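Enquirer: Attaching a predicted model along with its sequence, questions to come.
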Amino acid sequence: MIRMQNVVKNYGANTVLSDVTFEAHEREIFGLLGPSGAGKTTIINILTKQIEADAGEHDTGVTTFETGLMLDEDGLYTRLNCLDNLYIFADIYGIPKEKAMQALKKVGLEDAAKRQVQKLSNGMRQRLALARAILHEPRVLFLDEPTSGLDPATARGIHRLIETLRENGATIFLTTHNMEEAVKLCDSVALLNKGKIVEQGAPAEICERYGAIKTVPDLESVFIKLTGVELE
Amino acid sequence: MRSTKAIFIKQAKDIFRNPMILIEFIIFPAVALIMTELIAKTNDAIPPNMFVTMMASIFTGMALIPTMAGIIAEDTERQSLRFLVMAGVKPHQYLLGAGGFVLLAGIIGSGVFTLIGSFTAEEALKFLTVMILSAAASIILGAAVGILSKNQQSAMAASMPLAVIFGFTPMIASFNETIEKAASVLYTQQMNVIVNDFSANFPLAIAVIAANIAVFSVVFAVAYRKKWMRTSAR
């Protein structure tokens, strides 16, 4: 469904994307993995038609209206409250305003519905940005580093929500530099380095291919077992 | 229409929570009222509407351009506009929504100026007409500056000289005939001519102000499309 073929993007003399080719299938969680500056956000910007590629082809199979977007910059109206931020987009999309509260509930922000955005923590702002992205129940959802800087419990909540969205029929395209997150969450991934796709496929298959299956000590699980409390 | 309405409501809520902008809408009519009551009405040597026309010119020419530029630049800087564009908001919808509320505030301000001034019914109508049209011109000019600016700081840096040119030129023009002729293409000059002499050529003033609005609208639309063209088409 989401497809890029031989895409090239240059900023002046600097080549940001070089011959990028991948495909994300319908109703899957596709992860684009790579370090900062690898070109992940540029790929999202091209796919969402915010910038043009210099060469190659790309397609998401849906219209802009059917696309949900959560970027590194949240673009929220900081003087308005959470609900008002969503009402704007509910009005623009022509959907009932009740959907705004439903979206807030999905991200666990119903208690902060009337709170001004400038008084929210970074994690809450990220969740609000996600609520705005899913407000109109898009068929394709682009999430740029959706759990970056979040505490483990909030990140897990977002993971659960992403999985639910996929189960409800959405295709999720996310970028991350958190490999553990990608393994847990993604059906397929593409590894991006310096603007080039170096490998792609199912995470377990890729790991197997390179003999990289290992057990990682999970201190967080120990904490939950001992205390019954999720880290917040 | 629903996008325009959504942005209009957003702008209204945002401005009511932004005291700095609210003050700009209140301060000029308030100063005009105080100076008219305390100075003009107690001094026969001063024309009764002097402070009304002076503050009205400054209000439309100088206050609205930086205000509107700041509003749009803030939306651009914090990436809010990007999400609106991604949601399919077109340039005219955004301008009507964001500028519409500022214009409403400008109309209310113009109404207050009209009430403070000692005008006949015909004069009041002419005064209100040129004020509202000039406010619209300033708002669109400010919006164009805002959309072309990278952030609020650069919007302020760009809009202040423009505000000074449009706001002060009519005052300077009253002392110099050459400047007066050159300034006749500016909407603020035409507004100044009418509010100071209601027997002046009213249709010409309206035509010049309308031409200014048309030019600023084109600049805004081109800037918006240039910046957001790819996503503005669904």
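Expert: Nice, thanks for sending it over.

Enquirer: Can you give the distance of stretch A:11-27 from its chain's centre?
Expert: Mean-position distance between stretch A:11-27 and its chain equals 17 Å (Cα atoms, centre = their mean, to the nearest Å).

Enquirer: Now for residue B:107, which secondary structure element holds it?
Expert: helix B:91-116 (DSSP states H and E).

Enquirer: helices or strands next to that helix in the packing?
Expert: Based on contacts counted as 3 or more Cβ pairs under 8 Å, 6 or more residues apart in numbering or on different chains; DSSP states H and E, the elements that helix B:91-116 packs against are helix B:2-16, helix B:19-38, helix B:50-58, helix B:64-77, helix B:121-148, helix B:202-232. For the C-beta atoms, the positions are set from N, CA and C on the backbone; glycine is no exception.

Enquirer: What are the buried residues along the second one?
Expert: Translated: helix B:19-38. B:21, B:24, B:25, B:28, B:29, B:32, B:33, B:35, B:36 (16 or more other Cβ atoms under 10 Å in any protein chain shown).

Enquirer: residues in contact with the fourth one?
Expert: Contact analysis of residue B:28 by Cβ atoms under 8 Å, 6 or more residues apart in numbering or on different chains lists B:55, B:56, B:58, B:59, B:63, B:109.

Enquirer: Can you tell me which of those has the most neighbours?
Expert: Counting neighbours by other Cβ atoms under 10 Å in any protein chain shown, residue B:56 leads the contacts of residue B:28 with 29 neighbours.

Enquirer: ok, now which ones touch the nearest residue to that residue once chain neighbours are set aside?
Expert: For residue B:56, the nearest residue in space outside its immediate sequence neighbours is residue B:113; the separation is 4.6 Å by Cβ to Cβ, 6 or more residues apart in numbering or on different chains. With contact taken as Cβ under 8 Å, 6+ apart, residue B:113 is in contact with B:29, B:32, B:52, B:55, B:56, B:59, B:127, B:131.

Enquirer: Could you measure from the fourth one over to residue B:162?
Expert: It refers to residue B:55. In this structure, residue B:55 and residue B:162 are separated by 19 Å, where distance is defined by Cβ to Cβ, to the nearest Å.

Enquirer: Equivalent analysis for the second one, please.
Expert: Relative to residue B:162, residue B:32 is positioned 23 Å away (Cβ to Cβ).

Enquirer: Residues of chain B that sit close to chain A?
Expert: B:2-3, B:5-7, B:9-10, B:13-14, B:17-18, B:78-84, B:86-89, B:230-231, B:234 (Cβ under 8 Å from any Cβ of the partner chain).

Enquirer: which stretches of chain A have low pLDDT?
Expert: In the prediction, chain A carries residues with pLDDT under 70 at positions A:214-224, A:229-232.

Enquirer: Now for it: which helix has the highest residue count?
Expert: Longest among the helix segments of chain A by residue count, using DSSP state H, is helix A:152-167.

Enquirer: Show me what it is in contact with.
Expert: A:27-29, A:106-108, A:123, A:126-127, A:130, A:134, A:141, A:143, A:146-147, A:150, A:172, A:174, A:181, A:184-185, A:220, A:230-232.

Enquirer: tell me the contacts of the closest residue to chain A within chain B?
Expert: Closest approach between chain B and chain A, counting by Cβ to the nearest Cβ: residue B:6, at 3.4 Å. The contact partners of residue B:6, by Cβ under 8 Å, 6+ apart, come to A:87, A:88, A:89, A:91, A:92, B:97.

Enquirer: Neighbour count says what about those? Which are buried?
Expert: Neighbour counting over these (16+ other Cβ under 10 Å) leaves A:87, A:88, A:89, A:91, A:92, B:97 as the buried ones.

Enquirer: Over to the fourth one: give its phi and psi.
Expert: So the one you mean is residue A:91. phi -60, psi -40 (degrees, to the nearest 10).

Enquirer: Check the third one too.
Expert: In terms of degrees, to the nearest 10, the main-chain angles of residue A:89 are phi -80, psi -30.

Enquirer: and it, what does it touch?
Expert: A:132, A:135, A:136, B:6, B:83, B:87.

Enquirer: Among the residues you listed, which ones are in helices?
Expert: Among the contacts of residue A:89, the members falling in helices are A:132, B:6, B:83 (criterion: DSSP H).

Enquirer: Can you give me the pLDDT of the last one?
Expert: The predicted local distance difference test score for residue B:83 is 90.

Enquirer: circling back to that earlier point, mean pLDDT lowest where, among the helices and strands packed on helix B:91-116?
Expert: Ranked by mean pLDDT, the helices and strands packed on helix B:91-116 end with helix B:202-232 in last place, scoring a mean of 83.
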